[in-house]
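**Q** Fold the following and give me the result.
(chains A, B, C and D)
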2 protein chains.
Amino acid sequence: MPSVPRTARERARAEITSEILDAGRRHLATDGAAGLSLRAIARELGMASSAVYRYVASRDELLTRLIIDAYDSLGAAGEAGYAAVGRDDLPGRFTAVCRAVRDWALANPNEYALIYGSPVPGYVAPADTIGPASRVSNLLVQILADAAARGIEVAAATRGELSQAGRAALEPVLGVLPPGVTGEAIQGGLMVWAGLLGTVSLELFGQFHNVIGENPGDRDAFFAECVTRWAAQVGIG
Amino acid sequence: MPSVPRTARERARAEITSEILDAGRRHLATDGAAGLSLRAIARELGMASSAVYRYVASRDELLTRLIIDAYDSLGAAGEAGYAAVGRDDLPGRFTAVCRAVRDWALANPNEYALIYGSPVPGYVAPADTIGPASRVSNLLVQILADAAARGIEVAAATRGELSQAGRAALEPVLGVLPPGVTGEAIQGGLMVWAGLLGTVSLELFGQFHNVIGENPGDRDAFFAECVTRWAAQVGIG
DNA sequence: TGGCGTCAAGAGCACCGCTCTGCTTTGTTT
DNA sequence: AAACAAAGCAGAGCGGTGCTCTTGACGCCA
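**A** You can find the predicted model right below:
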C-alpha cells in the first residue's frame, strides 16, 4: 500500500476513493447516518453500485472511515482552540476547548451524532477509532495535568475525596496518566467531560425546547454559564 | 375513538394493535431502532405486511408510539425511585432518581438510545412526546423546589451568580417553575441533568472503554461518586 | 336482506446492501 | 512485442425494506 501513488492506476484509485468519502460525508451531513447509501454515492459519481465495492468493502467500513474522520475533525478543532490560548491561561484554554467542541458539533451535527449519539446497532467500532476518539479528552487531561503541576487542589472543588471503590474504578485511566493527576481530579474531569457532551447532546438533539430560550445568544449564554461552572468544578475557575 | 372497546371488532382491533406494539418493542430491544421493520412484525404476527398498515399509519408512527412508551417507562421508573424515599431525605431522593435513570437505561439500552441518542433523521418528535419526556426532569425540579422551600442556597454550590444573559436564557423554564426556584438553582439543575444523561450515554454507548474499569461494581462506584458530587453541586449534598 | 365500513391479502414500485459473472483496461513480466 | 495477471467496471440478480393500490371477504347495523 504505497503512501504516495506512483502509477496512474494508483492515482486514480486514491482519487476515486476520496471522492467516495467526500460524497459519503456530504450524504452524511444532509441525510444522517441512516441515509448513507452506497447506491446513492455510486449514482452521484456516475458509476455502477457494484463498482463502489472495489474501493469500500462495505457500508460499515465506509461508516467507520467517516467516524474516524469525524473524530479527527473534532480533535483538530479542539486542539486549535487549545493552542490558541497560552498555557498560562488555564481557564482560557479550558473555555476554548469547550467552545470548540460545541461549535464543531453545531457545525457538524450529523458527524457529532455519529460519534456521540446512539451507536449503529450491530456495528462495533474497530480499534482504529480509539486513537482519534481520545484527542479531545486528552486536551482536558492536559489541562488537568497542568493544573496539578501548578499545585491546584481539585479535591476541594469536587467536594470530598474518592471512596476506595471509586478510586479503583478509575484504575484504567489513572494508569495512563501523569502521576501528578489525582483520582479526585480525574473524577472531576470525567464529570465535566460528561457534562460537556451531555449539554451539547441535549442542545443538538432538541431537548432544550421550552427550557432554554430560542433568542439569538440564549444558548450561547447558557453554555457560557456552564463552562464557568465546570471550570470551577475542576478548580481552575 | 372509544376508550373501552364495545364491539367485537373494536376489541379485536385493540388487541392486534397492542400485539403490534409489543412486537415492535421486542424488535426494538433486540435490533435497535434501525432494525425495526413492519414486515418483520407482520411476519411474526402471521399476517401480510400490508395488513399492519391498518393499525399503524407508518413506520414513523410506530416509532413515535414506542418513543412515548419509552419516555413513560423511564418516567415511571424515576417516579418509583422518587416515591420510595421520603420527602425529608432530599439527598436520598436525588440519589434514587439518578440511580433509577441509570438502571432503566442499562436495562433498556435501545429505548434509551431512542429517546436520548441521535434523533432519527427526517423524523421530528410530535407534540405528544413532550409531556412524557419531562416526567423525569420534573422530579429533579421538584427536588430543587423542595430544597428552595427549605431555604437551601444553591448559588454558593454552583459558584457564582448568573449573568444577565444567562438568566435571560433560562426564561422559558423559569416561567413554568415555582417562584422559589432561583435561576442559579435551575442552572445547576440543568447542568446536573446534562451530566447525568451525559454519563449514562457515555457508559451505554461504550465511551468508557479503557477509562472506567470493567470489574463488577466499577461502573457503579464511578456513578455513585458522580451522584454525590452532583448532589453537592445543587446544594443538597 | 342490502349496504357500508373494515379488514386481510397480493401484487407492485422504488429503494437498499451485497454478490457473482463477464468484459475491458491497465501494469508487469517474459 | 507478446502474454499474463491484476484491477476496474457494468449488469443482472438475491433478498430485504417501506409503502401504495386493488381486490375480495367478512361483520355489523339499519
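
**Q** Mind picking out the helix or strand in chain A with the poorest mean pLDDT?
**A** Across the helices and strands of chain A, the lowest-confidence element by mean pLDDT, DSSP states H and E is helix A:130-133, at a mean of 85.

**Q** Whichever helix or strand comes after that helix: which residues count as buried?
**A** Using DSSP states H and E, the helix or strand that directly follows helix A:130-133 along the chain is helix A:135-149. By 16 or more other C-beta atoms under 10 Å in any protein chain shown, the buried positions in helix A:135-149 come out as A:135-137, A:139-148. C-beta coordinates here come from the backbone N, C-alpha and C atoms, glycine included.

**Q** Can you lay out these as a markdown table showing distance to chain B and pLDDT?
**A** Shown next, in a markdown table, are these (distance: C-beta to the nearest C-beta, whole Å; pLDDT from 0 to 100):
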| residue | distance to chain B | pLDDT |
| --- | --- | --- |
| A:R135 | 13 | 95 |
| A:V136 | 11 | 96 |
| A:S137 | 8 | 94 |
| A:L139 | 15 | 96 |
| A:L140 | 12 | 95 |
| A:V141 | 11 | 94 |
| A:Q142 | 16 | 94 |
| A:I143 | 17 | 95 |
| A:L144 | 14 | 94 |
| A:A145 | 16 | 93 |
| A:D146 | 20 | 93 |
| A:A147 | 16 | 92 |
| A:A148 | 18 | 90 |
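
**Q** For DNA strand C, state which of the residues you listed is nearest.
**A** Using C-beta to the nearest atom of the strand, A:R135 comes nearest to DNA strand C of the buried residues of helix A:135-149, at 28.2 Å.

**Q** I figured that closest one hits A:Y82, correct?
**A** No. Between A:R135 and A:Y82 there is no contact under C-beta atoms under 8 Å: 10.1 Å.

**Q** Need the residues touching each of the two.
**A** Common contacts of A:R135 and A:Y82 (C-beta atoms under 8 Å, 6 or more residues apart in numbering or on different chains): none found.

**Q** State the distance from A:V173 to chain B.
**A** As judged by C-beta to the nearest C-beta, to the nearest Å, A:V173 and chain B stand 5 Å apart.

**Q** who's in contact with that residue?
**A** For A:V173, the contact set (C-beta under 8 Å, 6+ apart) comprises A:186, A:190, B:210-212.

**Q** among the residues you listed, who's most crowded?
**A** A:L190 (25 neighbours; other C-beta atoms under 10 Å in any protein chain shown).

**Q** how about CSV for the contacts of A:V173, with pLDDT and secondary structure added?
**A** As requested, the contacts of A:V173 are exported to CSV (pLDDT from 0 to 100; DSSP: H, G, I helix; E, B strand; the rest coil):
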residue, pLDDT, secondary structure
A:I186, 94, helix
A:L190, 97, helix
B:N210, 90, coil
B:V211, 95, coil
B:I212, 97, coil
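
**Q** which among these gets closest to B:G198?
**A** Distance to B:G198, by C-beta to C-beta, is smallest for A:L190 among those, at 9.9 Å.

**Q** which non-adjacent residue is nearest A:P172?
**A** For A:P172, ignoring the flanking residues on the chain, the nearest one in space by C-beta to C-beta, 6 or more residues apart in numbering or on different chains is B:N210 at 5.2 Å.
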